[in-house]
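# This is a predicted model, with the sequence first.
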4 protein chains.
Amino acid sequence: MELIHFENDYSDGAHPEVLRRLVETNGESTAVYSEDIYCQEAARRILALCQNDHAAVHFLPGGTITNTVLIASALLPYQGVVSSAVGHIHVHETGAVEARGHKVLTLPSKDGKIAAEEIHALYRAHTDDPNREHTVMPGMVYLTDPTEYGALYTRSELAAIRDVCRRCGLYLYIDGARLGYALTAEKNDLTLPDLAELADAFSIGGTKQGALLGEALVITHDALKKNFRYAMKQSGALLAKGRILGVQFLALFENNLYFRTSAEANRKAARIAEELAALGYSFLVPPATNQLFPVFSGRELAELSKKYSFCPMGRVGDDAFCVRICTNWATRDEDVNALLNDIAALRS
Amino acid sequence: MELIHFENDYSDGAHPEVLRRLVETNGESTAVYSEDIYCQEAARRILALCQNDHAAVHFLPGGTITNTVLIASALLPYQGVVSSAVGHIHVHETGAVEARGHKVLTLPSKDGKIAAEEIHALYRAHTDDPNREHTVMPGMVYLTDPTEYGALYTRSELAAIRDVCRRCGLYLYIDGARLGYALTAEKNDLTLPDLAELADAFSIGGTKQGALLGEALVITHDALKKNFRYAMKQSGALLAKGRILGVQFLALFENNLYFRTSAEANRKAARIAEELAALGYSFLVPPATNQLFPVFSGRELAELSKKYSFCPMGRVGDDAFCVRICTNWATRDEDVNALLNDIAALRS
Amino acid sequence: MELIHFENDYSDGAHPEVLRRLVETNGESTAVYSEDIYCQEAARRILALCQNDHAAVHFLPGGTITNTVLIASALLPYQGVVSSAVGHIHVHETGAVEARGHKVLTLPSKDGKIAAEEIHALYRAHTDDPNREHTVMPGMVYLTDPTEYGALYTRSELAAIRDVCRRCGLYLYIDGARLGYALTAEKNDLTLPDLAELADAFSIGGTKQGALLGEALVITHDALKKNFRYAMKQSGALLAKGRILGVQFLALFENNLYFRTSAEANRKAARIAEELAALGYSFLVPPATNQLFPVFSGRELAELSKKYSFCPMGRVGDDAFCVRICTNWATRDEDVNALLNDIAALRS
Amino acid sequence: MELIHFENDYSDGAHPEVLRRLVETNGESTAVYSEDIYCQEAARRILALCQNDHAAVHFLPGGTITNTVLIASALLPYQGVVSSAVGHIHVHETGAVEARGHKVLTLPSKDGKIAAEEIHALYRAHTDDPNREHTVMPGMVYLTDPTEYGALYTRSELAAIRDVCRRCGLYLYIDGARLGYALTAEKNDLTLPDLAELADAFSIGGTKQGALLGEALVITHDALKKNFRYAMKQSGALLAKGRILGVQFLALFENNLYFRTSAEANRKAARIAEELAALGYSFLVPPATNQLFPVFSGRELAELSKKYSFCPMGRVGDDAFCVRICTNWATRDEDVNALLNDIAALRS
């Protein structure tokens, strides 16, 4: 029997609406390298949602390449990027940032979040060092919203980070590989216009939110916009048939699809979270978006793993194992129900 | 009125068969990062066609990234890659090879082809130099088949290059972004098993031959196979939903689709070439595959450009302008007919 | 009044014996790029002291460039180098390792030392990870002896690290920028032959031990020896008049100069350490070599700083400030006496 | 019998004046990392000679590292540096520029010189290309004066290059590894103030002109000055005892030593050149500085090589072999006389 998938949010295909648009437009002959009308229209739509008409929008095939191209084209050779110690670029991109010549300067984090004052302290430690030219100069702050642990930044937290970045001359880049889940979370108070105002660049993830592949990168800072297509091409991030990214993002941002499916996935996750909490289960990180990090006993986990697949997060206590449970647009109510029934049965 | 497209072979969508398979499999939930059954099956099929059961096959999103990842993971820091001076990696990838630390060592070419004896001479010039450690050590030979100008290597030419590479300890990598058009060309005498025997690695282009995106990379040399997924991930070439590459290549290599469509495109190009030749037109490079490089007068080109789009290749004489004309699976007979009629009319 | 220097061990010129040899040989015309008889003879002498006749010895201008060239030429593109979190390559070389494409993978340290079991745990965490290709592969262990805090590895600690490295396929590189101070320390039980046996490569620092500039790099592992001069030239580490490095190292390793001066500097440091301890001063790290890290009150430090220069190491308590005090071959007894008198006076 | 050296200008030690200053200052304790009074004073002196008081002067250990650090810190990731096809960075630095991520864009040259109109044509070819983001953007022009073949730029040639660079937004960097030989050549009409006005950065070579090691880098463009010490440290170009570079350059630029010795070496080369010409010998490149490229028959070369060492430049005709003959501050009149006598005897 095949396992019911909860281990990630990218093992399904495209959302049917996205697929439909790919099929509908397939017969057309268009401009290449993302200069087609679909990329243009998707970019326009995204900018409209951001209430920003001077930003640039680019479409890249995946998250790692988006992070790498943006970071590598923003930093001077002796600059590094500040990130939480659990940041995706630090621990899950095979050293892509370093492969392009830059160090990741790490900060401790709470649930994957970093704080304005810690960024400022790192910056001050650098500038106060009389031998600072022997150390890597911070040039950019990288953060993820939601974080790798599903936590959210509040508007005021982000504004504080923004202020520090401005004062210190640091770029602020927000990796939004799961941005939809953040923006539609119950506790979220951030909007796309906020992000466009606060960040120098941020990505809007497609792969984990209904697309076959693709991330939209919104660049608001003029210096970062310049010549960005050169940087994309050099890294192999400029697809010949770039239209397939435009078509998908157009589908995602027409009729609110991106937000509707994200909200729905969040609701399903919330149902699971509430039930687990009611049953007395604890979480590594307080549930907020489509990623949950509950803790099970070894026996419970073994039992559930016969029927469901989770992403193992390691042992967190004597007989305590954390797993990641994800929902997405394709998560079915019947699978959620089955999971909740089986969990309820564990404790009965 | 929209122009009839002949300027490249990648402004159309996916071949209907490829699209059909994407649609059919879209609802499935699969393993991620190209460890799914479609990538596995597509790899098996390609290896069977290569009559080789120990090679590795990887699927990457595009041509530039495929070249970059393979070359950068093969070379030592002080090694360079030998290429024709018109080689794609030298002139059309925004310095991607250099961005990963390596020099492109150029050879003059005939129609984009390089010759065994010239490779050997370059190698000897290096090893004979008493100060050779002040110069870049050649570590790999890169060639394209068909070349950027649509020319073909013969089996014996490639075998001679192979011999030089073995004797000199150079890897041989063949960029097959348009490989189908080579393998099905009338004058071609190379086969997939030949390539698997002669090359240490070669790519099989999907983007220009019916896929939405994607290249298959066949690696036959054990040293190059090792840890290749690390190299892919580091460069952002490992797609989360890698299955979409597997599904497309499976479609291309089921029922011979890849070869059927390539052959058909070649035939359409041959029809155009023969007619042009009969009308007295000359070519920058002798026609062989789906890319033609005819020479028109300024008046002729201006006339044709009202109705057709070509890729301009520059002035090649007083009143002589070369353009590239491409066919592909989507080229319609009626468009070929119209073009030929209009050209015939020019000279009447 | 000029301050009496204790803040580092590289603000003096060359040891007179070293200078004398530079002067004596200055009029000669020799082979260039370190292929002269002085480099050859110095290499022979070092290998004889190492009781190793198959290792390679190269001379490079400085410590950072030595570390960078060795590390960058040893690692595969997706590999990183394991280091203590206070390792020189991690915190004081402006990201030189990253600038050549590699991540520094950090371990917590005790006084700058890392332990075999922690290296093994890091290695196991990588290989046990089902998604390990998304993370940087450890490829080399870097350590300093003495450490940045003047601590020493014992022979058995280093042998244990060596065993882990062999089992895990990791290179072991020892940065010996202050190696003489380690080898002549009272508590040291390591010898040059030990290092040549245990390490795949190690450096012997000249700059901080009597030379004007220069580090000797001993490479024992065959794979690392290969083509190393290419790597040096590419990084600008191959001096045209490389003989000046050979001449200096020959002077340092003739008549035991390197060890005599190191031992003498250690003795002077030990005198200071003992007196400070007797006066009740504490140390950030137990004194072992020519670098001491005593802790003073703010008042004491202010007082001493009128006459002496120390390297500030930061506040370590409410009214507790750590400084680094260094001795070297040029440290004068009278300056040590003055310092000790003045410190004694502080507490009287 | 030892050969009389004419093959290069860097197989001798330091000029006695330079050595004397190193000896005189050796006993002092100074600031480190080139922040000492000697570096400061040498910089001041150089700026005074340049009649420029806002430029920055840095001292680096060698030519390759100077070129690499300057170029890599000036270019954006997707930019390349324009050079003659025989430029030192293109053919004799083991791909150092590429190792830092940048392509060398080559122009054909006359005796190693490039021309303003060719730079402009290359720039225009790039900007006129509708797919220019697929190609490397030129970001800097690199040239050598004198060239690798001893040729000189005139003031008007350099001013024309300067104008093109300004119009096109390209930095202009002049590699002056042998700058003294240019500035004191009979046909030269350039001065240090000219260079400081025309170039955004230029180097003043020490190694080939009387120093043990070291190049002075003069940076006049504000953008290139910024944070340059970070770039130096990252590349291992910041010597701990940087004073030894300052001391040497101070010696070279006190009492006009740099120019006196260069002029003298040029005169000796001119004597050889005139005699050879009178005897009917031809030259690969018209003699202008301390490097001569005469052509001998095989028999003549074999005969001379018994007593003299030259740098072989390859066969240039049926029985015609070019060699490089260099003079420098250490070239003795008696050796020049011997050489001229022996050459005269060949043809008698």
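Nice, I can see it. Numbering: from 1, shown residues only, chains lettered A, B, ... in the order given.

# only C-alpha atoms for contact and neighbour calcs from this point on.
Will do.

# Next, count neighbours for A:Ala338.
15 (other Cα atoms under 10 Å in any protein chain shown).

# Let me know the distance separating it from A:Arg155.
Distance of A:Ala338 to A:Arg155, computed by Cα to Cα, to the nearest Å: 36 Å.

# Can you list the low-confidence ranges for the stretch 1-150 of chain A?
Residues of the stretch 1-150 of chain A meeting the criterion pLDDT under 70: A:1.

# mind redoing it with 90?
Counting by pLDDT under 90, the stretch 1-150 of chain A contains low-confidence ranges at A:1-2.

# ranges for the helices of it?
A:16-25, A:37-50, A:63-74, A:88-91, A:96-99, A:116-128 (DSSP state H, counting those that start in this stretch).

# Mind giving me the packing neighbours of the last one?
Packing partners of helix A:116-128 (3 or more Cα pairs under 8 Å, 6 or more residues apart in numbering or on different chains; DSSP states H and E): strand A:137-144, helix A:155-168.

# Kindly report the same for the longest one.
Packing contacts for helix A:37-50, counted by 3+ Cα pairs under 8 Å, 6+ apart, involve strand A:56-60, helix A:192-198, helix A:243-253.

# contacting residues around the closest residue to A:Cys322 other than its chain neighbours?
Computed as Cα to Cα, 6 or more residues apart in numbering or on different chains, the closest residue to A:Cys322 that is not its neighbour in sequence is A:Val295, at 4.3 Å. Residues near A:Val295 by Cα atoms under 8 Å, 6 or more residues apart in numbering or on different chains: A:281-284, A:316, A:320-323.

# okay, A:Val295: pLDDT?
The model reports A:Val295 with a pLDDT of 98.

# and it, that's in a strand?
Yes. Residue state for A:Val295 (DSSP: H, G, I helix; E, B strand; the rest coil) corresponds to a strand.

# gap between it and A:Asp9?
Separation of A:Val295 from A:Asp9 (Cα to Cα): 19 Å.

# next one: A:Cys311
Counting by Cα to Cα, the gap from A:Cys311 to A:Asp9 is 11 Å.

# These two - which one has more neighbours?
Comparing A:Cys311 with A:Asp9 by other Cα under 10 Å, the one with more neighbours is A:Asp9, at 23 against 15.

# Please report the distance of the one residue in the stretch 151-300 of chain A that gets nearest to chain C from B:Glu98.
Using Cα to the nearest Cα, the single residue of the stretch 151-300 of chain A nearest to chain C is A:Ser235, 14.7 Å away. According to Cα to Cα, A:Ser235 stands 11 Å off from B:Glu98.

# Give me the number of neighbouring residues for A:Thr191.
Using other Cα under 10 Å: A:Thr191 sits among 15 other residues.

# didn't it look like it was pressed against A:Thr184?
No. Using Cα atoms under 8 Å, A:Thr191 is not in contact with A:Thr184; the gap is 9.1 Å.

# which phi and psi does the residue of the stretch 201-348 of chain A found nearest chain C have?
Residue nearest to chain C within the stretch 201-348 of chain A: A:Pro312 (10.2 Å; Cα to the nearest Cα). Dihedral angles of A:Pro312 (phi, psi; degrees, to the nearest 10) stand at phi -70, psi 130.

# Assign a three-state SS to the spatially closest residue to it that is not a sequence neighbour, would you?
Excluding its sequence neighbours, the residue lying closest to A:Pro312 (Cα to Cα, 6+ apart) is A:Val323, at 4.5 Å. For A:Val323, the assignment made with three-state DSSP gives strand.

# residues in contact with A:Val323?
A:292-296, A:310-314.

# ditto for A:Gly314
A:321-323.

# Now tabulate the residues you listed in a markdown table and tack on pLDDT.
Shown next, in a markdown table, are the contacts of A:Gly314 (pLDDT from 0 to 100):
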| residue | pLDDT |
| --- | --- |
| A:Phe321 | 97 |
| A:Cys322 | 98 |
| A:Val323 | 97 |
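
# how about the residues of chain A near chain C?
A:77-78, A:91-95, A:98-103, A:133-137 (Cα under 8 Å from any Cα of the partner chain).

# run the last query once more with 10 Å
A:77-80, A:88-104, A:131-137 (Cα under 10 Å from any Cα of the partner chain).

# just checking: which of the residues you listed also lie near chain B?
Okay, of the residues of chain A next to chain C touching chain B (Cα under 10 Å from any Cα), that's A:92-101.

# Considering the residues you listed, which possesses the most neighbours?
Ranking these using other Cα under 10 Å puts A:Gly95 first, with 34 neighbours.

# how close does the residue lying closest to that residue once chain neighbours are set aside get to C:Val81?
Among residues not flanking A:Gly95 along the chain, C:Val136 sits closest, at 5.7 Å (Cα to Cα, 6+ apart). Separation of C:Val136 from C:Val81 (Cα to Cα) stands at 9 Å.

# Now list whatever residues contact both of the two.
Counting by Cα atoms under 10 Å, 6 or more residues apart in numbering or on different chains, the contacts common to C:Val136 and C:Val81 are C:102-105.

# returning to that earlier point: can you list residues touching both of A:Cys311 and A:Asp9?
A:325-326.

# Could you check how far the longest helix along chain A is from the centre of its chain?
Looking across chain A with DSSP state H, the single longest helix is helix A:257-278. For helix A:257-278, the separation from the chain centroid amounts to 17 Å (computed by Cα atoms, centre = their mean, to the nearest Å).

# next one: stretch A:88-106
On Cα atoms, centre = their mean, the centre of stretch A:88-106 falls 16 Å from the chain's centre.

# Stretch A:151-165 too?
That offset, for stretch A:151-165, works out to 16 Å (Cα atoms, centre = their mean).

# Could you do stretch A:222-231 as well?
22 Å.

# Could I get the buried residue list for that stretch?
Across stretch A:222-231, burial judged by 16 or more other Cα atoms under 10 Å in any protein chain shown covers A:224-225, A:228-231.

# Stretch A:299-307 now?
A:300-301, A:304.

# The residues you listed in helices, which ones?
A:300-301, A:304.

# Tell me the residue of the stretch 51-200 of chain A that sits nearest chain D?
For the stretch 51-200 of chain A, Cα to the nearest Cα, closest residue to chain D: A:Glu133, 4.6 Å.

# For chain B, see how far away the residue lying closest to that residue once chain neighbours are set aside is.
Closest residue to A:Glu133 apart from its sequence neighbours, by Cα to Cα, 6+ apart: D:Tyr230 at 4.6 Å. Applying Cα to the nearest Cα, to the nearest Å, the value for D:Tyr230 to chain B is 21 Å.

# quick check: mean pLDDT across the strand or helix carrying D:Tyr230?
For D:Tyr230, the element it lies in under DSSP states H and E is helix D:228-234. Average pLDDT, helix D:228-234: 98.

# Quick check: A:Leu192 touching A:Gln51?
Yes. Counting by Cα atoms under 10 Å, A:Leu192 touches A:Gln51, with 8.0 Å between them.

# Flag every residue of the stretch 201-348 of chain A that's near chain B.
A:207-208, A:211-214, A:229-244, A:330.

# Now list the buried members of those.
For these, buried by 16+ other Cα under 10 Å: A:207-208, A:211-214, A:229-244, A:330.

# Right, I'll call it a day here.
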